[in-house]
Structure formats: structure tokens, C-alpha cells
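> kindly return the folded structure for what I paste below:
(one chain, ligands or ions: 2)
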Amino acid sequence: MVGGGQLARMTYQAAIPLGVTLRVLSERADDGAALVSADVEIGSHTDLEALRRFAAGCDVVTFDHELAPPELLEKLAGEGHVLRPSPAAMRFAQDKLWQREQFGALGLPVPAHAVVATAEDVAAFATDHGGWPVVIKAARGGYDGRGVWVARSPEDAARVVAEGSAGGLRLFAEAMVELEREVAVLIARRPGGESVVYPVVETVQADGMCRELVSPAPIDPSVAAHARNIAERIADGIGVTGIMAVELFVAKGGDVLVNEIATRPHNSGHHTIEGCVTSQFENHVRAVLDWPLGSTAPAAPAVVTVNVVGGASGGDPRANLPRALAVPGVHVHLYGKGPRPGRKLGHVTALGEDVSEVRERADRAAAILVGEPA
Ligand SMILES: Nc1ncnc2c1ncn2[C@@H]1O[C@H](COP(=O)(O)OP(=O)(O)OP(=O)(O)O)[C@@H](O)[C@H]1O
Ligand SMILES: [Mg+2]
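Ligands and ions are numbered 1, 2, ... in the order given. Purely as a prediction, here's the structure:
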């Protein structure tokens with residue numbers, strides 16, 4: 001797995017009972033997966049020699065993030081390494097603008113958007129698409145809300161465009177969707193096309209970052225079926241292998257729009273570790289090795305995952321762990337990262353019969369971990 005973060009760490013955990021050795025290409029020896037993996041190559045995903053050294057002897061190369069440059073991935077694939085997903089499928093997750101354009105062409109519902117190079121372009125977009133605010137996004141390199149700006153006025157737009165151009169970013173403008181809620185669909189797909197889809201999960205966002213997952217999402221069954229169908233069309237359309245997450249907007253009024261995809265295990269699937277028969281991490285391993293996929297059926301009527309995000313006080317979850325574990329039935333996952341405000345340090349999952357009772361326990365344990373009141 002290229003990348004040694006928490007996704008590789010949790011994939012490693014899923015690989016163990018299958019007897020699979022997960023080699024990790026990690027930038028630092030103290031990355032989450034490097035701390036636990038027995039087979040770590042230290043090096044950068046932007047360094048072709050490091051990628052080559054890492055890939056030598058791997059049966060399959062897969063990914064914990066989408067940051068490896070496309071041309072290097074093409075090179076590895078050209079040298080005979082098996083990359084799953086393929087560089088062509090990865091490109092969709094690497095470039096939000098490419099994704100928007102291609103999904104639009106596939107007939108998938110996406111927010112109105114246009115490439116912008118100047119503040120005037122953004123103002124013209126606002127005039128054509130219902131006015132301000134307008135969302136401005138970087139085509140590449142964004143995550144956890146970085147690379148996404150909300151411009152409320154022409155002045156805001158001028159500032160974002162100036163900063164973006166100075167940083168060499170390709171930008172596009174997008175209509176601000178009036179959200180009922182955000183949901184995600186995970187799908188695991190084998191090279192031959194066999195796939196399994198997870199129940200639709202609600203992704204509760206704060207400050208551009210996913211904070212909480214609620215499964216099943218509290219949405220109409222017809223909306224859920226539509227969302228799952230969109231995920232299947234995308235998976236087949238781009239020929240993804242492994243886990244793919246599709247982030248979707250449910251607009252006020254019920255329209256479903258595609259926000260973005262990730263072609264790897266994803267934060268919107270952490271509840272599947274205990275909350276589904278087969279976790280996203282296990283199904284990722286099975287899919288990229290072209291093995292039969294596991295059931296995605298829920299393990300309980302209500303599953304809630306709350307992310308443990310570093311608080312302003314900088315408290316270390318490890319110090320608070322015993323108190324959090326005293327909350328009945330919660331599953332705590334810590335990623336081995338040092339505490340920093342706004343950093344994802346872990347997550348807590350709870351299962352049960354009633355969603356509000358389950359959420360209360362998961363919230364309480366997560367709040368104890370970061371040392372802040374729920
Ligand atoms: N067009 C839009 N209308 C309304 N809200 C939006 C729009 N685009 C983005 N957002 C909000 O900003 C959040 C982050 O956007 P996006 O998913 O594009 O960024 P990201 O940084 O790649 O996200 P992450 O890494 O957290 O998945 C969305 O989850 C949503 O809450
Ligand atoms: Mg997102």
C-alpha cells in the first residue's frame with residue numbers, strides 16, 4: 001500500500017487474519033501504519049525510485065491516498081507492476097475537475113460548475129447560477145476541506161483566486177448546494193466487475209471535515225436506492241478495483257448529486273469495521289487480490305462512528321483512553337498520531353438498537369478522548 005497513514009494501518013489489521021502481508025511505502029517511520037507494519041519501505045510517493053523499490057516483489061500495489069503523481073503510476077504500470085486501482089481509475093480521485101467533467105458526460109448528476117481563472121469568471125458564474133455564495137475548489141490536492149472555499153462576494157472571490165493562482169492551483173467554481181444532508185456509498189469491486197455495495201451512510205460534516213457517520217442514513221429508501229445505483233454506475237464507468245467511496249449531496253427537495261469519489265478505503269467507511277459483516281478494509285484487500293467479496297450486511301440496526309479530532313487544548317487521547325473505554329460497548333480506534341488541533345486522531349464506533357442511544361455513547365467516548373465536554 002502506497003501511503004502509511006491510518007487507512008493503511010487499518011488495512012494492515014484486516015490483512016492479518018487472511019495471512020496477507022501488507023508492505024507499506026511510508027514517508028516517515030512514525031506514520032500510523034509504519035508504526036505497526038513489519039514490512040515498511042521509507043520513502044516518498046513522489047519519488048520514482050522509492051516507488052520502484054517498494055513495488056518490487058509486491059503482488060499488487062494499492063493505495064492509502066491519491067497523492068502519487070499520475071505519470072509515476074503510469075510508469076510503474078508500464079513496467080509490469082499490477083496497480084489496483086489502475087492509474088486511469090485513480091485519476092478520477094486525483095482531479096476533482098476531471099471527475100466533474102467526466103461524471104457529467106456519463107449522465108451522472110453533479111453540481112453546476114465551471115473552470116475559473118479570474119474573479120470576473122467567478123462573478124459571471126454567480127450571475128448565471130443563482131448568485132452568491134459560490135463554492136471555489138482546487139482541482140487537485142484538497143482534503144478535509146483544504147482546497148474548498150466559500151466565496152460570499154466578488155471581494156471574497158478575488159481573494160481566493162489571487163491566493164489560488166499564486167499557489168499554482170487550477171480552480172473551478174461550483175453552485176452552492178442547499179443541503180438536506182450528506183451521505184456516502186462504499187462499494188467494493190473486483191477486477192472482473194463483481195461488486196458489493198454497503199448501506200448508505202450519513203456523513204455529518206463540520207468545518208469541511210467529516211465528524212460523524214450514521215448508518216443506515218436516515219433517508220427515504222428510494223433515495224438510498226438511487227444513491228447506491230449511482231455508486232454502481234461510477235464503479236463500472238471508471239473500472240475501479242478495490243473500495244471506492246462516493247460522497248453525495250442530498251439537496252433540500254431530495255435531489256441527489258455526486259460530490260466526489262475516493263478510490264480507496266475512506267473515512268466514510270470506518271463504521272464498517274464493527275458495523276458490517278465485512279469491513280471496508282477487508283473487502284479492499286479481497287477486491288484488489290481478486291478474491292470473493294464479503295457481505296456488507298449491517299451487524300446492528302444502528303451504527304454510529306464519531307471521529308476523534310484533536311481539540312484546542314491539544315489533549316492526547318492516549319492519556320484519556322481508560323476513561324473512554326469505561327463507556328459501555330464502544331470500540332475505540334487510535335491511529336498512533338500525535339495530538340494537534342483539527343487533526344483526525346482516531347474514531348469511536350458504537351452499535352445498538354436505537355440511533356440516539358448509540359450516538360450518545362459514541363459522542364461521550366470521543367469527547368472523553370479529546371478531553372472536552374460532549
Ligand atoms: N457545492 C457545494 N455545495 C455545498 N457544500 C459543499 C459544496 N462543495 C463542498 N461542500 C462542503 O464542503 C465539504 C468538503 O468538500 P469536498 O468534499 O469537495 O472537499 P475535500 O476537502 O476533498 O473533502 P474531504 O477530504 O473531507 O472528503 C463537503 O463535504 C460539503 O460539506
Ligand atoms: Mg469530500
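
> C-alpha only now, for contacts and for neighbours.
Noted.

> can you tell me the centre-most residue of the protein?
The centroid of the chain falls nearest to residue 266 when counting by Cα atoms, centre = their mean (3.5 Å).

> buried residues in stretch 158-175?
Residues 158, 160, 161, 164, 169, 170, 171, 172, 173, 174, 175 are the ones in stretch 158-175 that count as buried (16 or more other Cα atoms under 10 Å).

> tell me the average confidence for it?
Over the span of stretch 158-175, the pLDDT mean works out to 93.

> neighbouring contacts of that stretch?
97, 111-119, 122, 125-126, 129-130, 133-140, 149, 151 (Cα atoms under 8 Å, 6 or more residues apart in numbering).

> enumerate the residues of this structure near ligand 1.
Contact residues (Cα under 6 Å from any ligand atom) of the chain with ligand 1: 135, 142-146, 148, 174-177, 205, 208-210.

> by neighbours, which of those wins?
Counting neighbours by other Cα atoms under 10 Å, residue 174 leads the residues of the chain next to ligand 1 with 23 neighbours.

> how about the secondary structure of it?
Classification of residue 174 using DSSP: H, G, I helix; E, B strand; the rest coil returns strand.

> where does the residue lying closest to it once chain neighbours are set aside fall, phi/psi-wise?
Among residues not flanking residue 174 along the chain, residue 113 sits closest, at 4.2 Å (Cα to Cα, 6 or more residues apart in numbering). The phi and psi values for residue 113, taken as degrees, to the nearest 10, are phi -150, psi 160.

> could you do the one 4 residues further on as well?
The phi/psi pair for residue 117 (degrees, to the nearest 10) reads phi -120, psi -20.

> and it, how close does it get to residue 149?
Note on residue 117: its distance to residue 149, by Cα to Cα, to the nearest Å, is 15 Å.

> and the helices in this protein, which stretches?
Along the chain, counting by DSSP state H, helices occupy 6-15, 48-55, 70-78, 87-94, 96-105, 119-128, 154-166, 221-238, 272-275, 280-288, 317-325, 355-370.

> other residues contacting stretch 89-106?
In contact with stretch 89-106 (Cα under 8 Å, 6+ apart) are residues 66-67, 70, 109-110, 113, 138-141, 172, 234, 237-240, 260-263.

> circling back: tell me which of the helices of the chain sits most buried.
helix 280-288 (a mean of 27; mean count of other Cα atoms under 10 Å).

> from the contact counts, what lies against it?
helix 6-15, strand 179-189, strand 242-251, helix 272-275 (3 or more Cα pairs under 8 Å, 6 or more residues apart in numbering; DSSP states H and E).

> what is the mean pLDDT for the second one?
Read that as strand 179-189. Averaged over strand 179-189, pLDDT sits at 98.

> go on, stretch 64-82?
On average, stretch 64-82 scores 97.

> now do stretch 310-323
For stretch 310-323, mean pLDDT is 92.

> which residues does residue 372 contact?
residue 311.

> repeat the analysis, applying 10 Å as the threshold.
Taking Cα atoms under 10 Å, 6 or more residues apart in numbering as the criterion, residue 372 is in contact with 310, 311, 312, 313, 315, 364, 366.
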